[in-house]
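Peer 1: What follows is a predicted structure for the sequence shown.
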There are 2 protein chains.
Amino acid sequence: MSTGSAGPAAAPRPRDQADVRRHNAAAVMAALGAGPRSRAEIAAVTGLTRATVGSIVDELRSGGLLTEQGARVPRGVGRPGIDVALDPSGGAGVGVEINVDGLSAVLVDLTGNVRHRASRPGDQRDRRAADVLRAAARLVDEAIGEAERLGLVARGVGVAVPGLVDLDAQVLRVAPNLGWREIAVPERMTRAGAGAWPAVTLDNEANLAALGELWSGGAGSRDSFVLVNGDVGVGAGVVLDGRLHRGSRGFSGELGHLPVAPEGPECRCGARGCLEQVAGLDWILRTAGLEDLVRSGVDPMSALVAELAAGDAGANAGVAAAGAALGVGISALVNLFDVDTVVLGGVYATLFPWLEQPVRAVVDRRVLSARWAPITVRASTLGRDAAVVGAARSALRDILLDPLGGAAA
Amino acid sequence: MSTGSAGPAAAPRPRDQADVRRHNAAAVMAALGAGPRSRAEIAAVTGLTRATVGSIVDELRSGGLLTEQGARVPRGVGRPGIDVALDPSGGAGVGVEINVDGLSAVLVDLTGNVRHRASRPGDQRDRRAADVLRAAARLVDEAIGEAERLGLVARGVGVAVPGLVDLDAQVLRVAPNLGWREIAVPERMTRAGAGAWPAVTLDNEANLAALGELWSGGAGSRDSFVLVNGDVGVGAGVVLDGRLHRGSRGFSGELGHLPVAPEGPECRCGARGCLEQVAGLDWILRTAGLEDLVRSGVDPMSALVAELAAGDAGANAGVAAAGAALGVGISALVNLFDVDTVVLGGVYATLFPWLEQPVRAVVDRRVLSARWAPITVRASTLGRDAAVVGAARSALRDILLDPLGGAAA
DNA sequence: TGAGTATGTTTGGGCGCTGAACGAATATAG
DNA sequence: CTATATTCGTTCAGCGCCCAAACATACTCA
């Protein structure tokens, strides 16, 4: 087997009182994710007693993760509660996305607000990896500087890449659309950075986009959905029961090479009619006659949207065809994973108004269970930012999941 | 949303010391699943201290779930340990499978041994549901009687059905191949049963087969695999990280209606070229010229295997074609779920020698990641029994996961 | 026979949750 | 304006659980 982890018999850690505390502290943090609440309300939501909540809140407050807000306006009989909220200055996460069509970075605080944003558009395919990593490192340096200016401490850096990531080794194994292979992105970026950085973690962009969507969707932790991230490549991040499913080797959600057009063009991967070939950004732009824009540094999406809005026939037909192909892929996803929601992200979020109809038509036809239970297809609320924001928040996840350990460190 | 469960805000239960105990007791049971061990060995495997293990073992022993075996032959210097093992008489589970081609039942004890087995072959499609349920109930009565004779207490009954199950309501929503709709199987079987039955739980056969495979595969709890269950219909049970994935509405693994042959025959579901139509048992038997056997009560599988072994051209070609179609479906599964193992169950287990080559050929071609990491395709170790045994063991799962609660009740 | 080693049990200590009681702050009734 | 009801946050004893260490037990080896 290739479990890859340590331990002679994969011993599942035993559990003791400290785990109880950890779990309940995380539950308190989660309860505050939706907004400020009084201790009594937290107790009601989590099922803990007020005594326990009080004790946990004290501890988290002294750790700087929570703040007490002024007494709230009374809402009825009885002593009014004092709202407790996530402390915006309790820590921040930096997210960077390295993508084919540009770099971007954000700074997100504990409450989930984006406090800083920067990007460097432009095709990265013709640049050397070292140059790209240096540019990305500069964006991180900027973000960390901005954090200090805002009185925040950057607790971690998350990096999103369009490729296959070895999470244990923290190495980008292969990113076909960038033409990269075997690059230790976190290590090299840290070396290229100016100051002292917190821990840098690497992950796949579709996975991070799904996490970003999960956390800002506001939806509960029992959610199941698939985020289909469109760019030059097409990937899917799969969230089942509120947990990201990564697959046994990190290949999960490999949607881009699902065969959807038996007679379609040949793909880099050797097969024929891969989804990526007939629904990827390159194909869409080519159909719309905009392929030359990419290398010129202009953001081609604005041009495409302009053409679509203007009713350009070629562009509209191209996007509709891409939507139909995408629908086939989504149908397979839904049939196998049985999620009731599919979220379109990346460029698909931008193109959603033009994609929705063709996708829905195919899905309604091909998804068996659609007759009993409707399938929701919607655009990502974060739009093209899903992956960067997800990367930044994933850096904060450790704090939210283990607030005590995080505060102590 | 359709979370369906109770609670105002989907409150995740808080955790207290009792949960710690529960968790650790379950860890002890799990450590003994692989065979008898001394307390010190259990401590080493679980990471608990010897003191804690001693206390938990005492409690479970007085609950009748564990037994002390005679002092083991010393294996070196030092005081020899005393082996502790799951108590075979600590409880048993009854499994029943209601399928298109017959009924079967097993009795399984805590250690996983099948202690009793019975079946009623014959096509169930032309019988009334009430008659079928009565016959199934008789099999359960028999198994419970047999349990008493063996000194076992039947702790639960699991029922496997080839259809869509509403787990909360415990109702079979639809079983196309049986022609059943909206049947409260557990309730009706319990009424039809002779004596007092323990709790009856209903689940989909592919899911239960996957669970059966998981538990008897001996593999650890971090396993990910898909069990593709072949019968008249084709279903898949998906196990990710050792947990069965059911999907948000129980439709997960709906593989039978994946389009694999665009020009194929029309399916009951309305689409064209569904996998089930070109790889299901009916199609295989028809191609082999054995379709008449089904209604005659003879087990057609033996006849088919005989023809295959004899080198019958039609039979061999039919199975090879089914294997190719199956390979397409499996490829989609692997690409999306990223499991490294696919297990063939049901009739596919029986036909595995003839299916292996055609399936593997297609999978190697269509699964992207196969180049980096090999995909294992193997036959179920339980063969056609996977679902029944899984059903029986699922009835014991509550005990294994919550041994203290189970013992107290 | 005595030293050495590993197993199983006992004991004291610490930690975290619970439940009940208590003071604090507000609304409502008279 | 005062008294009562209600809700919030805190305090405190009690209990259960795990851990670490010491102790008793059983076997090997010299």
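Peer 2: All right, it came through fine.

Peer 1: ok now the helix or strand hosting residue A:146, how far from the chain's centre?
Peer 2: Element membership for residue A:146 (DSSP states H and E) is helix A:129-149. Averaging C-alpha positions (Cα atoms, centre = their mean, to the nearest Å) puts helix A:129-149 20 Å from its chain's average.

Peer 1: tell me which strands and helices that helix is in contact with?
Peer 2: Counting contacts by 3 or more Cβ pairs under 8 Å, 6 or more residues apart in numbering or on different chains; DSSP states H and E, helix A:129-149 is packed against strand A:92-99, strand A:102-109, strand A:114-121, strand A:154-161, strand A:180-183, helix A:185-192. C-beta: built from backbone N, CA, C; applies to glycine.

Peer 1: Point out the most buried one among these.
Peer 2: Of all those, strand A:92-99 carries the top mean neighbour count, a mean of 29, counting by mean count of other Cβ atoms under 10 Å in any protein chain shown.

Peer 1: Spatially, and excluding backbone neighbours, which residue is closest to residue A:45.
Peer 2: residue A:31 (4.7 Å; Cβ to Cβ, 6 or more residues apart in numbering or on different chains).

Peer 1: Buried residues, the helix or strand that neighbour falls within. List them.
Peer 2: Per DSSP H and E, residue A:31 falls inside helix A:17-33. Buried positions in helix A:17-33, judged by neighbour count with 16 or more other Cβ atoms under 10 Å in any protein chain shown: A:20-32.

Peer 1: can I get the CA coordinates of stretch A:107-118 in PDB?
Peer 2: The C-alpha trace of stretch A:107-118 is given here as PDB (Å, rounded to 0.1, in the frame of the first residue of the first chain):
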ATOM      1  CA  LEU A 107      -4.400  38.800   2.800                       C
ATOM      2  CA  VAL A 108      -7.300  37.500   4.800                       C
ATOM      3  CA  ASP A 109      -7.900  38.000   8.500                       C
ATOM      4  CA  LEU A 110      -9.400  35.500  11.000                       C
ATOM      5  CA  THR A 111     -12.900  36.800  10.400                       C
ATOM      6  CA  GLY A 112     -12.600  36.000   6.700                       C
ATOM      7  CA  ASN A 113     -12.300  39.500   5.400                       C
ATOM      8  CA  VAL A 114      -9.900  40.200   2.600                       C
ATOM      9  CA  ARG A 115      -7.700  43.000   3.800                       C
ATOM     10  CA  HIS A 116      -5.300  43.300   0.900                       C
ATOM     11  CA  ARG A 117      -5.300  42.200  -2.700                       C
ATOM     12  CA  ALA A 118      -2.700  42.400  -5.400                       C
END
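
Peer 1: And the average pLDDT for the helix holding residue A:146 is what?
Peer 2: For helix A:129-149, mean pLDDT is 96.

Peer 1: For stretch A:42-55, measure first residue to last.
Peer 2: End-to-end distance for stretch A:42-55, by Cα to Cα, to the nearest Å: 12 Å.

Peer 1: Residue A:35 sits in which helix or strand?
Peer 2: With DSSP H and E as the test, residue A:35 turns up in no helix or strand.

Peer 1: what residues does chain A put near DNA strand C?
Peer 2: Within chain A, the positions near DNA strand C by Cβ under 7 Å from any atom of the strand are A:17-18, A:20-21, A:24, A:47-52, A:55-56, A:71, A:74, A:76-80.

Peer 1: mind listing which of those residues are in strands?
Peer 2: residue A:71 (DSSP state E).

Peer 1: Residue A:92 bridge partners, please.
Peer 2: For residue A:92, the beta-bridge partners are residue A:109, residue A:154 (DSSP bridges).

Peer 1: Determine which residue lies closest to the centroid of chain A.
Peer 2: Of all residues in chain A, the one closest to the mean position by Cα atoms, centre = their mean is residue A:209, 2.1 Å from it.

Peer 1: Does it touch residue A:383 like I think?
Peer 2: No - contact between residue A:209 and residue A:383 fails when scored by Cβ atoms under 8 Å: they sit 10.2 Å apart.

Peer 1: Hmm, residue A:347 is touching residue A:231, no?
Peer 2: Yes - using Cβ under 8 Å, residue A:347 is in contact with residue A:231, at 6.0 Å.

Peer 1: okay, and the common contacts of these two?
Peer 2: With contacts defined as Cβ atoms under 8 Å, 6 or more residues apart in numbering or on different chains, the residues adjacent to both residue A:347 and residue A:231 are residue A:281.

Peer 1: how many neighbours does the residue of chain A found nearest DNA strand C have?
Peer 2: Here chain A gets closest to DNA strand C at one residue, residue A:79, 3.0 Å apart by Cβ to the nearest atom of the strand. A count of nearby residues for residue A:79, using other Cβ atoms under 10 Å in any protein chain shown, gives 8.

Peer 1: just the one 3 residues further on next, same as before
Peer 2: Neighbourhood size, residue A:82 [other Cβ under 10 Å]: 15.

Peer 1: same deal with residue A:58?
Peer 2: There are 12 residues near residue A:58, going by other Cβ under 10 Å.

Peer 1: check which helix or strand covers it.
Peer 2: Secondary structure assignment for residue A:58, by DSSP H and E: helix A:50-62.

Peer 1: Check which residues of that helix are buried.
Peer 2: For helix A:50-62, a neighbour-count test (16+ other Cβ under 10 Å) marks A:52, A:53, A:56, A:57, A:59, A:60, A:61 as buried.

Peer 1: touching DNA strand D at all, it?
Peer 2: Yes - judged by Cβ under 7 Å from any atom of the strand, helix A:50-62 comes into contact with DNA strand D at A:50, A:51, A:54, A:55, A:57, A:58.

Peer 1: which residues sit against stretch A:274-292?
Peer 2: Contacts for stretch A:274-292 (Cβ under 8 Å, 6+ apart): A:101, A:230-234, A:255-261, A:264-267, A:293-294, A:300, A:303-304, A:307, A:312, A:314-315, A:317-319, A:321-323, A:325-326, A:328-329, A:347, A:351.

Peer 1: make that stretch A:117-132, sorry
Peer 2: A:98-107, A:135, A:139, A:142-143, A:177-180, A:183, A:188, A:294-295, A:297, A:299.

Peer 1: wait, what's in contact with residue A:401?
Peer 2: Here residue A:401 is in contact with residue A:26 (criterion: Cβ under 8 Å, 6+ apart).

Peer 1: how many neighbours does the residue lying closest to residue A:74 once chain neighbours are set aside have?
Peer 2: Nearest residue to residue A:74, sequence neighbours excluded (Cβ to Cβ, 6+ apart): residue A:80, at 4.1 Å. By other Cβ under 10 Å, the residues close to residue A:80 number 13.

Peer 1: Can you get me a residue count around residue A:292?
Peer 2: Neighbourhood size, residue A:292 [other Cβ under 10 Å]: 11.

Peer 1: Repeat that for residue A:208.
Peer 2: 32.

Peer 1: so what's it up against?
Peer 2: For residue A:208, counting by Cβ under 8 Å, 6+ apart, the contacting residues are A:95, A:158, A:160, A:237, A:386, A:387, A:390, A:391, A:394.

Peer 1: Could you report the separation of it from residue A:223?
Peer 2: 16 Å (Cβ to Cβ, to the nearest Å).

Peer 1: just residue A:258 next, same as before
Peer 2: From residue A:258 to residue A:223 the distance is 24 Å (Cβ to Cβ).

Peer 1: More neighbours: which of the two?
Peer 2: residue A:258 (25 against 21).

Peer 1: Sketch out the low-pLDDT regions of chain A for me.
Peer 2: Across chain A, the ranges flagged by pLDDT under 70 are A:1-14, A:217-222, A:248-252, A:261-264, A:268-272, A:293-298, A:406-409.

Peer 1: so how far is residue A:84 from the residue of it found nearest DNA strand D?
Peer 2: Here chain A gets closest to DNA strand D at one residue, residue A:78, 2.1 Å apart by Cβ to the nearest atom of the strand. Distance of residue A:78 to residue A:84, given as Cβ to Cβ: 18 Å.
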